[in-house]
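# Predicted model follows, preceded by the sequence.
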Amino acid sequence: MAVATRSSTFGSVLLSGLAISCAFTAAAQERIVKIGAVLPLTGPQQSNGIQIAAGISRYVAQHGDTVAGKKVQVIAKDDGAVADNSKRLAQEMVVNDKVNFLVGFGITPTAFAVSPLASQAKIPQIVMGAETSSITERSPYVVRTSGTLAQKSVIMAEWALKNGIKKVVSIVSDYAPGIDAETFFKETFVRGGGQIPEFIRTPLANPDFAPFLQRARDARPDAVFVFQPAGDNASFIHQYLERGLDKAGIRIIGAGDIVDDDLLYSAGDQVIGAVTADFYSAYHQSVMNKEYSAAMRKANNINQPNIMSVGGYDGMHLIYEALKKTNGVTGGDVLVPAMKSMSWESPRGPVSIDPETRDIIQNIYMRKVEKVDGKLYNVEFETFNG
Ligand code: PHB
């Protein structure tokens, strides 16, 4: 995948088509809405940042850079997925650039790091990527357009129970969303009579999966339930194959992040058959998604749009529609109420914002990796309405 490696490159990608002025008068400032995007554009989570940025770009390209009489300006900064950077960059954007929104957040610690600032500045924090349940509780100004591991892991457990999978080893990345995935999968699976002999947690940074996969294999489960963050799945799958788990009849099931659409091609054909639960597939069969997927592939340096991209795209929709409702008036105390209960059609299907939790309500789809027209896709076969 060709990727933008620095925020400046990304900035030009993201901002192409947007009018950028250098010096603003005070009156002109008032006619501008500023969106500060904090994204991992370098480092191991780079793919998440690039996908979110691509979703933001697509929305602006499609809907224009003016809303409710105001010009939209997106300022993007690369946090490299390091929480201290996210905090510092967000602070600079609030104080110096006077942004009206803080958006992005490719991984949970970066969203956590910025929520006190959203509260302090009383501006909306739109979480477009991170998926730990408790993020929305960190500030009343957080609204989420990605999803949660809880949503996916419960549905995955229910499907496994109904489909003859009785014994599972859980393998999750050892940080907040991984712990959520493990917890929610376990609750449903064990309550339904399933067995989990091993709970394995792998390091987030540079994991060597080989010893963990050997442990999983030795437990002789029907399947491994996996959560690894999107954008970094190929090495897990390669080591799963190298250790011969597939030949031992141990299936991969999990949150869809392990078969991230964008990088699925690099996993190879042996990943065909992996069953996962998630809220978006590049192969989602709606008119809107066919158009979205095609446009995303054409306009951006990505293979396929993934879950992160729709978080960015829908986050922009939420911002535009909230601004229309407030006639361009900004500030979290008017914008967040305008966002509550909003519903719309997304490339992923129908979505809405829960007025109590400010989290997204959406369908979760069961999908299986298949080859269609020579390419690997997550093909949806069952829908659980949100
Ligand atoms: C997260 O850190 O919240 C996160 C990152 C990547 C994912 C899912 C969740 O694919």
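Done, it's in. This structure is a prediction, so every number in the text was calculated from the model and none was measured.
# Please name the nearest non-neighbouring residue to K371.
Leaving aside its chain neighbours, K371 sits nearest to I272 (6.2 Å; criterion: C-beta to C-beta, 6 or more residues apart in numbering). C-beta: built from backbone N, CA, C; applies to glycine.
# now swap in R348 and tell me
Y280 (4.1 Å).
# List the contacts of that neighbour.
Y280 makes contact with G256, D261, N306, I307, V310, P347, R348, according to C-beta atoms under 8 Å, 6 or more residues apart in numbering.
# which of those residues sit farthest apart?
G256 and P347 (14.9 Å; C-beta to C-beta).
# Quick check: bridge partners of the nearest residue to G256 once chain neighbours are set aside?
Sequence neighbours aside, D278 is the residue nearest to G256 in space, at 2.7 Å (criterion: C-beta to C-beta, 6+ apart). Here D278 sits in beta bridges with Y365, as judged by DSSP bridges.
# and D278, how far is that from K325?
30 Å (C-beta to C-beta, to the nearest Å).
# These two: who's more crowded?
Remark: of D278 and K325, D278 carries more neighbours, 28 against 16, as counted by other C-beta atoms under 10 Å.
# Who are the contact partners of the more buried one?
Each residue near D278 by C-beta under 8 Å, 6+ apart is listed here: G147, K152, A255, G256, D257, I307, I364, Y365, R367, N378.
# re earlier: give me the buried entries from the contacts of Y280.
G256, D261, N306, I307, V310, P347, R348 (16 or more other C-beta atoms under 10 Å).
# Columns pLDDT on top of these, output as JSON lines?
JSON lines is the format used below for these (pLDDT from 0 to 100):
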{"residue": "G256", "pLDDT": "97"}
{"residue": "D261", "pLDDT": "93"}
{"residue": "N306", "pLDDT": "97"}
{"residue": "I307", "pLDDT": "98"}
{"residue": "V310", "pLDDT": "98"}
{"residue": "P347", "pLDDT": "98"}
{"residue": "R348", "pLDDT": "98"}
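# Near the ligand, list only the ones from those residues.
Among those, no residue is within reach of the ligand (C-beta under 6 Å from any ligand atom).
# closest to G129 among these?
Within these, the smallest distance to G129 is 8.3 Å, found for I307 (C-beta to C-beta).
# which residues does that closest one contact?
Shown in contact with I307 (C-beta under 8 Å, 6+ apart): Q51, S146, G147, A230, G256, D257, D260, D261, D278, F279, Y280.
# What count of nearby residues applies to the residue lying closest to the third one once chain neighbours are set aside?
In other words, G147. Closest residue to G147 apart from its sequence neighbours, by C-beta to C-beta, 6+ apart: F279 at 4.6 Å. Number of residues near F279 (other C-beta under 10 Å) recorded here: 26.
# Quick check: the gap between F279 and A83.
Here the criterion is C-beta to C-beta. By it, F279 lies 25 Å from A83.
# quick one: low-confidence parts of the stretch 201-350 of the chain?
Judged against pLDDT under 70, the stretch 201-350 of the chain has no low-scoring part.
# who in it is up against the ligand?
Counting by C-beta under 6 Å from any ligand atom, the residues of the stretch 201-350 of the chain that sit close to the ligand are P229, A230, D257.
# Kindly confirm my reading that V143 is in a helix.
No - going by DSSP: H, G, I helix; E, B strand; the rest coil, the assignment for V143 is strand, not a helix.
# separation between it and the ligand?
16 Å (C-beta to the nearest ligand atom, to the nearest Å).
# now S86
With C-beta to the nearest ligand atom as the criterion, S86 and the ligand are 12 Å apart.
# who are the neighbours in contact with that residue?
Contact analysis of S86 by C-beta under 8 Å, 6+ apart lists V38, D79, F105, P109, T110, A111, A113, V114.
# Now name the helix or strand holding it.
Using DSSP states H and E, S86 maps to helix 83-95.
# can you give me the mean pLDDT across that helix?
Computed over helix 83-95, the mean pLDDT rounds to 98.
# what are the ranges of the helices in the stretch 201-350 of the chain?
210-218, 234-242, 287-299, 307-325, 332-339 (DSSP state H, counting those that start in this stretch).
# Looking at those, which one is packed in the most?
helix 307-325 (a mean of 26; mean count of other C-beta atoms under 10 Å).
# And stretch 359-377, what's buried?
Buried residues in stretch 359-377 (16+ other C-beta under 10 Å): 359-369, 376-377.
# quick one: which of these sit in helices?
Among those, no member falls in helices (DSSP state H).
# now, the most widely separated pair of the residues you listed?
Maximum pairwise distance among the buried residues of stretch 359-377 (C-beta to C-beta): 30.2 Å, between D359 and L376.
# ok so, going back, next secondary structure after the helix holding S86?
strand 101-104.
# Now the helix or strand following that next one: average pLDDT?
Where DSSP H and E defines the elements, the next helix or strand beyond strand 101-104 is helix 108-121. Mean pLDDT, helix 108-121: 98.
# Show me how far helix 108-121 is from its chain's centre.
Counting by C-alpha atoms, centre = their mean, to the nearest Å, helix 108-121 is centred 17 Å from the centre of its parent chain.
# OK, now which residue of the stretch 251-386 of the chain is nearest to the ligand?
Closest contact between the stretch 251-386 of the chain and the ligand, by C-beta to the nearest ligand atom, is at D257 (3.6 Å).
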